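Asker: How does the following fold in three dimensions:
(2 chains)
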Amino acid sequence: MSTKTHTHSLAAPHRGDIQRWTRTFIPTSKEPPADAEAISHKLLVRAGYIRRVGAGIYDYLPLAWRTLQKICAIVREEMNDAGGSEMLMPAMEPIELFAETKRDVDYGDNLFKLTDRHGRITALAPTHEEIITELMKSGVSSYRQLPITLYQIQTKFRDEFRPRSGLLRGREFIMKDAYSFHLTLDGEGGLGETYDAMDRAYSNIFKRCGLDFSRVEAEAGPIGGSASHEFMVNCDAGEDIILRCPETGYAANVEKCETGERAWSFDGEPTGDLEKVHTPNLPGIEEVGKFLKVKPPNMLKTVVFKRHDSGGAGVSPVWILAVVRGDHDVNEGKVKAAAGGPVALADEAEAKAAGFSIGYVSPRVIVGRTDCLLIVDPDAAQGMDAAKGKPMFWATGADEKDYHVKRFNWRREMGDVLNNQSYVKVADVRNAMAGDPSPRAKGATLEEGRGIEVGHIFKLGTKYSEAMGLNVLDPNQDRVPVIMGCYGIGVSRTLQACVEMSHDDDGIIWPGAIAPFHVLITPMKIEPGSELMTAAEQLATDLSHAGIDVLVDDRDERPGVKFKDADLIGIPIRLTVGDKALAEGCVEYKHRGDAGKGEFVKMHDVIDTCVRALTEA
RNA sequence: CGGGGCGUAGCGCAGCUUGGUAGCGCGUUUGACUGGGGGUCAAAAGGUCGUGGGUUCAAAUCCCGCCGCCCCGACCA
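Answerer: Residues are numbered from 1 along each chain as shown, chains lettered A, B, ... in the order given. Got it, this is the predicted structure:
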């Protein structure tokens, strides 16, 4: 937890603002845009928060900007508490900086590039590891200057292959990125210490934003590095699949998730003679399975990988073949781990030239070859069908274009090579899924859910400092590479994740801490100088003095219109000023999300009631 | 990158098959009535039909190119 106590609901930067609907820009609409799919995307557009400018590019209108600033304020408080200092780096960076770490290649087409009048190529920064490492090189030379943590909140650019769902995957988006620098991994001032502090800060941030989230183990991806955790908003609309063990709390991204021990054995009698079947033009397991009348769990899928470093002399084997059940997905990270070296999916043409009938490959293909390693997933390494207590029926490719085989039997088809560990291994090489044994608790099974990734923290180690030569002198006067960590939050994505999580049929329901305004005042009649308007104005002023941000719906609209819009934009508290309540010295007080019409509260109590409601939340 | 679809008023859409006067709903403006959950009536403004070419007496409509956008899929063959 942070050391300070923050005033959660009434956080800076907006304290006691008063704005009028007619003098700001809140273009609400009844109909969602035709291009929106996600509920949060529809609501943000309908409620006048965002407007699309181009694919994956959006305007943040006043309401959205206020909420973003409130999220940023929370982020700043927590980052500063965790020992960070804010700064700002440029969005444009010379492409040469990326070349130093080869990320111009690794990031590939996701990197926006532009050419200036002199023909120089500049990248629009998708992230800032290179820039900050370069900066540190110029200013840090001694271990005494470490540790240090710097962060910024800034617009990032990524030429996403397929931008989608409004702010959830944009090409231009707002991100908080932090970088830390250390002499050591562990101990005082080490990477671990800051990583843990960031971990806590992130939990605080997402809690304060009112999110239901999971912290899961993750793959580092193109950022690189060793340990890594993602913060996922638990929500079905998320793109990521996460698995968790209900007993131990272990949770991981599907890309990373381990599975518990699974029993396997190649032994089992053949179910009959091997039968070759003509299966022309049938791409994919589904189609072949339907044609053969075999279910995917009875098929073996063989995916051909190539050792990344196989250009080097003496690297053997060259080809890595991963075998999984037809209904399972190969996990490249696990293949890499099992192969003991970097792998990449084989180029189709190259693999065909090497004798693999891509699309029709079976495990048999390695028999008689010495340049292959077959890695079989335990669920595929089955001679017996445990559920039925009978020998296992397998269908697989025939290693010949347009043919598959039925009644594949491991022992009969593979022979002695099955026992040679240089050529055949059994290891977990598939994505985990719901129902798999937990890797952390015997007897427990993994559960599956979806999430929106809003935060990601990495232990980078020395990947960037070594590539770019960021070194310091340690106490022994040795030059050592600096150890780094990096920590990102998708700020604009967090905004939409909040909406995705918290809404109803009528609109958005903001938590007080990040709502654009705390209170919406709805006068029932707009008559300048009337008792009703005077009361509404006085109310706004009093709320403002209490540090509450107020929006006054001063439009001369019918009540129905105002109430509909009020629900749509999702301000936490609505105060309706009407003749009936006013006659009793009251206003009508209603929480967004509560049913009914709200309750009468005495005018002199209403400020306290609002403050209490907002600080309790 | 593959597949599918779309581009007509600020927004959502029809019209295109079978070429001939630019249409509907919402929103907007003006006026009246209204006034507690997207009101009623009346009048009005608003469109180079994405873009370039072609066919034709005539193109939103048919043909070709280009541009933009959305959805699905994708290292699983």
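
Asker: Find the closest residue to RNA strand B in chain A.
Answerer: Relative to RNA strand B, the nearest point of chain A is residue A:578 (2.1 Å; C-beta to the nearest atom of the strand). Any C-beta I mention is one placed from the backbone N, CA and C, and that applies to glycine too.

Asker: from the chain's centre, how far out does stretch A:550-557 sit?
Answerer: 37 Å (C-alpha atoms, centre = their mean, to the nearest Å).

Asker: cool, and stretch A:126-143?
Answerer: 26 Å.

Asker: Now do the buried residues in that stretch.
Answerer: A:126-136, A:140, A:143 (16 or more other C-beta atoms under 10 Å).

Asker: same check, this time on stretch A:576-585
Answerer: A:576, A:577, A:578, A:581, A:582.

Asker: cool, stretch A:31-49 as well?
Answerer: By 16+ other C-beta under 10 Å, the buried positions in stretch A:31-49 come out as A:36, A:38-49.

Asker: which of those residues come close to RNA strand B?
Answerer: residue A:46 (C-beta under 7 Å from any atom of the strand).

Asker: residue nearest the centroid of chain A?
Answerer: Central residue of chain A (C-alpha atoms, centre = their mean): residue A:453, 2.0 Å from the mean position.

Asker: strands paired with the helix or strand containing that residue, and their directions?
Answerer: Using DSSP states H and E, the element containing residue A:453 is strand A:447-461. Applying DSSP bridges, strand A:447-461 is found paired with strand A:228-234 (antiparallel), strand A:240-244 (antiparallel), strand A:483-490 (antiparallel).

Asker: quick one: contacts for residue A:616?
Answerer: Contact analysis of residue A:616 by C-beta atoms under 8 Å, 6 or more residues apart in numbering lists nothing.

Asker: hang on, the earlier thing: would you mind putting the strands paired with strand A:447-461 into TSV with mean neighbour count alongside?
Answerer: Shown next, in TSV, are the strands paired with strand A:447-461 (neighbours: other C-beta atoms under 10 Å):
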stretch	mean neighbour count
strand A:228-234	24
strand A:240-244	22
strand A:483-490	25
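
Asker: Can I get these in CSV including mean pLDDT and distance to residue A:168?
Answerer: What follows is these, written out as CSV (pLDDT from 0 to 100; distance: least, C-beta to C-beta, whole Å):
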stretch, mean pLDDT, distance to residue A:168
strand A:228-234, 93, 10
strand A:240-244, 91, 11
strand A:483-490, 96, 9
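
Asker: Can I get these in TSV including distance to residue A:266?
Answerer: Formatted as TSV, the strands paired with strand A:447-461 follow (distance: least, C-beta to C-beta, whole Å):
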stretch	distance to residue A:266
strand A:228-234	35
strand A:240-244	28
strand A:483-490	44
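
Asker: Can you tell me the closest non-neighbouring residue to residue A:156?
Answerer: residue A:175 (4.6 Å; C-beta to C-beta, 6 or more residues apart in numbering).

Asker: typo on my end, residue A:255
Answerer: Nearest one to residue A:255, counting by C-beta to C-beta, 6+ apart, is residue A:219 at 4.5 Å.

Asker: How about residue A:435?
Answerer: residue A:445 (5.4 Å).

Asker: for stretch A:458-474, which positions count as buried?
Answerer: Quick answer for stretch A:458-474 (16+ other C-beta under 10 Å): A:458-465, A:467-468, A:470-472.

Asker: would JSON lines of those with pLDDT and distance to residue A:117 be doable?
Answerer: Below are the buried residues of stretch A:458-474 laid out as JSON lines (pLDDT from 0 to 100; distance: C-beta to C-beta, whole Å):
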{"residue": "A:458", "pLDDT": "92", "distance to residue A:117": "37"}
{"residue": "A:459", "pLDDT": "93", "distance to residue A:117": "41"}
{"residue": "A:460", "pLDDT": "92", "distance to residue A:117": "35"}
{"residue": "A:461", "pLDDT": "92", "distance to residue A:117": "39"}
{"residue": "A:462", "pLDDT": "93", "distance to residue A:117": "38"}
{"residue": "A:463", "pLDDT": "89", "distance to residue A:117": "34"}
{"residue": "A:464", "pLDDT": "92", "distance to residue A:117": "31"}
{"residue": "A:465", "pLDDT": "95", "distance to residue A:117": "34"}
{"residue": "A:467", "pLDDT": "92", "distance to residue A:117": "30"}
{"residue": "A:468", "pLDDT": "94", "distance to residue A:117": "28"}
{"residue": "A:470", "pLDDT": "97", "distance to residue A:117": "32"}
{"residue": "A:471", "pLDDT": "97", "distance to residue A:117": "36"}
{"residue": "A:472", "pLDDT": "97", "distance to residue A:117": "39"}
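
Asker: so who does residue A:327 touch?
Answerer: Counting by C-beta under 8 Å, 6+ apart, residue A:327 touches A:285, A:295, A:296, A:297.

Asker: let's see it at 7 Å
Answerer: The neighbours of residue A:327, taking C-beta atoms under 7 Å, 6 or more residues apart in numbering as the test, are A:296, A:297.

Asker: where's it, which helix or strand?
Answerer: With DSSP H and E as criterion, residue A:327 is part of no helix or strand.

Asker: Quick check: the two most widely separated of the buried residues of stretch A:31-49?
Answerer: Greatest spacing in the buried residues of stretch A:31-49, by C-beta to C-beta: A:38 and A:48 (17.2 Å).

Asker: Leaving out sequence neighbours, find the closest residue to the residue of chain A closest to RNA strand B.
Answerer: Going by C-beta to C-beta, 6+ apart, residue A:578 has residue A:524 as its nearest residue, at 3.9 Å.

Asker: and the gap between the one you found and residue A:400?
Answerer: Counting by C-beta to C-beta, to the nearest Å, the gap between residue A:524 and residue A:400 amounts to 79 Å.

Asker: Looking at those two, which is more packed in?
Answerer: residue A:524 (17 against 13; other C-beta atoms under 10 Å).

Asker: any idea how far residue A:556 is from that one?
Answerer: 11 Å.

Asker: try residue A:219
Answerer: For residue A:219, the distance to residue A:556 - C-beta to C-beta - is 56 Å.

Asker: what do you get for residue A:94?
Answerer: Distance from residue A:94 to residue A:556, by C-beta to C-beta: 55 Å.

Asker: do residue A:73 as well
Answerer: Residue A:73 is 34 Å from residue A:556, by C-beta to C-beta.

Asker: More neighbours: those two, which one.
Answerer: Using other C-beta under 10 Å, the more surrounded residue of residue A:73 and residue A:556 is residue A:73, with 18 against 10.

Asker: need the next SSE after the helix or strand encompassing that one, C-terminal direction.
Answerer: Assigned by DSSP H and E, residue A:73 belongs to helix A:62-81. Following helix A:62-81 in sequence order, the next helix or strand is strand A:85-86 (DSSP H and E).

Asker: Check which helices and strands the very next helix or strand once past that following strand sits against.
Answerer: Later in the chain than strand A:85-86, the nearest helix or strand by DSSP H and E is strand A:92-94. Secondary-structure packing of strand A:92-94 (3 or more C-beta pairs under 7 Å, 6 or more residues apart in numbering; DSSP states H and E): strand A:121-124.

Asker: Please convert the buried residues of stretch A:458-474 to JSON lines, extending it with distance to RNA strand B.
Answerer: JSON lines is the format used below for the buried residues of stretch A:458-474 (distance: C-beta to the nearest atom of the strand, whole Å):
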{"residue": "A:458", "distance to RNA strand B": "19"}
{"residue": "A:459", "distance to RNA strand B": "22"}
{"residue": "A:460", "distance to RNA strand B": "21"}
{"residue": "A:461", "distance to RNA strand B": "22"}
{"residue": "A:462", "distance to RNA strand B": "25"}
{"residue": "A:463", "distance to RNA strand B": "20"}
{"residue": "A:464", "distance to RNA strand B": "23"}
{"residue": "A:465", "distance to RNA strand B": "27"}
{"residue": "A:467", "distance to RNA strand B": "23"}
{"residue": "A:468", "distance to RNA strand B": "27"}
{"residue": "A:470", "distance to RNA strand B": "30"}
{"residue": "A:471", "distance to RNA strand B": "34"}
{"residue": "A:472", "distance to RNA strand B": "36"}
